[in-house]
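J.: after the sequence you'll find the predicted model.
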Amino acid sequence: MSLVLRPEKVLPERIAVDYLHKVIAALPAEMRADDGGRTIGLANTVIVHFLGREWLEANIKPDIKRPGFLRLDFSSDVRREASVFRVVELAESLYNLQHIPGFDDCIEQIRAGGDKIQSACAELDFARFLYIHEVDFHFVVRKMRKGEDYDFELTYPDGLKVPADAKCKFETTKIDPAGIHKSLKKAKGQLPKDRPGIIFIKVPQSWISDLEVAKEMVNVGKDFLKTTGRIISVKFYVSQLQTVNKMVMHRHALREITNSDSRFHDGRNWDLFTDYPVPSSWNGMPPKWQRLFFFPNSRQGEGRAANI
């Protein structure tokens, strides 16, 4: 009997800032001189490096048949700016998070395509927030076993390790705060039963436009925590894109809810994120985060995080 060995996956090489400079130098002169063209050219190259040319053409090109979360949309100025922003943001996350343990398993979810893309991009959103807020974490490799198939392992300053899972309500989903409960329940099933657990949940921007809907959504989270002794915190997140004078402004809305009745609470502060004004010198992000927007003229290193 012959033994057939499966070829090992070829993981993308890690890249440094020198790679970005080489990409810019290789662009046509007219593209190098145009801030927008240079940015999207660099972003596309980074995405191709990590996800492949075929993936980019299937999911980002404006002429693909089936609309998707990352497809470039040139039907209006607002849609163009918003869709370009998402693509560049993905490229920035791939570049800046490439050294986090478990990164390759995370981007494997993006390569799967379809609905996996938006879910995995939400996972990258939370990873970015953890990273820029100096939270020690790693991506968890999928085990396909109940109670072990969560997304992150976080480490609090005193060394306590806490599993966390991320869920995403799709941008096209109709406003339905009650649907949050289903997502929370599903995430709970993916977290260990003998450890405190954290659930991140990303909701569409439209869901917080109505203050009453936003309050109802938070109340669903609070009611859910009353039913569990091991989920220690639910953290809501919204990515807000606004176009002002043809410029895209990006802000983040956050709400962290702690389960004070959890058997794991023990008086600890379970919040992970801080609301603070971002210095203008940061270009929206802290110095540790390499921006691709307008590179190489952009300063290294997201708008202020607001509470829902």
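T.: Good, I have the coordinates.
J.: how about the strands in the stretch 51-200 of the chain?
T.: Across the stretch 51-200 of the chain, reading from the start of the chain, the strands by DSSP state E, counting those that start in this stretch fall at 136-139, 152-155, 161-168, 197-202.
J.: for Val23, which of the ones you listed is the nearest?
T.: For these, distance to Val23 was read as C-beta to C-beta. The smallest value, 25.6 Å, belongs to strand 136-139. (Glycine included, C-beta is placed from N, CA and C.)
J.: still on that earlier bit, hey, which of the strands of the stretch 51-200 of the chain is tucked in deepest?
T.: For the strands of the stretch 51-200 of the chain, ranked by mean neighbour count under the definition mean count of other C-beta atoms under 10 Å, the leader is strand 197-202 at a mean of 25.
J.: show the average pLDDT along the helix or strand that comes right after it.
T.: Along the chain past strand 197-202, the next helix or strand (assigned with DSSP states H and E) turns out to be helix 211-225. For helix 211-225, the per-residue pLDDT values average out at 90.
J.: helices or strands next to helix 211-225 in the packing?
T.: If you count contacts as 3 or more C-beta pairs under 8 Å, 6 or more residues apart in numbering; DSSP states H and E, helix 211-225 packs onto helix 179-190, strand 231-244, strand 247-258.
J.: just the angle between it and helix 179-190, please?
T.: Here helix 211-225 points in a direction 30 degrees away from that of helix 179-190 (axes from the mean of the first three to the mean of the last three C-alpha atoms, to 10 degrees).
J.: would you confirm that Leu292 contacts Arg38?
T.: No. Using C-beta atoms under 8 Å as the test, Leu292 is too far from Arg38 to be in contact (9.5 Å).
J.: what sits against Thr39?
T.: For Thr39, the contacting residues are 84, 88, 292-295, by C-beta atoms under 8 Å, 6 or more residues apart in numbering.
J.: need the buried ones from those selected in PyMOL.
T.: For anyone working in PyMOL, the buried entries among the contacts of Thr39, judged by 16 or more other C-beta atoms under 10 Å, can be selected with:
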select buried, resi 84+88+292+293+295
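J.: if I look at the residue nearest to Glu92 when sequence neighbours are not counted, how far off is Ser119?
T.: Ranked by C-beta to C-beta, 6 or more residues apart in numbering and with sequence neighbours excluded, the top spatial neighbour of Glu92 is Leu292, at 5.1 Å. Plainly put, Leu292 is 23 Å away from Ser119 if you go by C-beta to C-beta, to the nearest Å.
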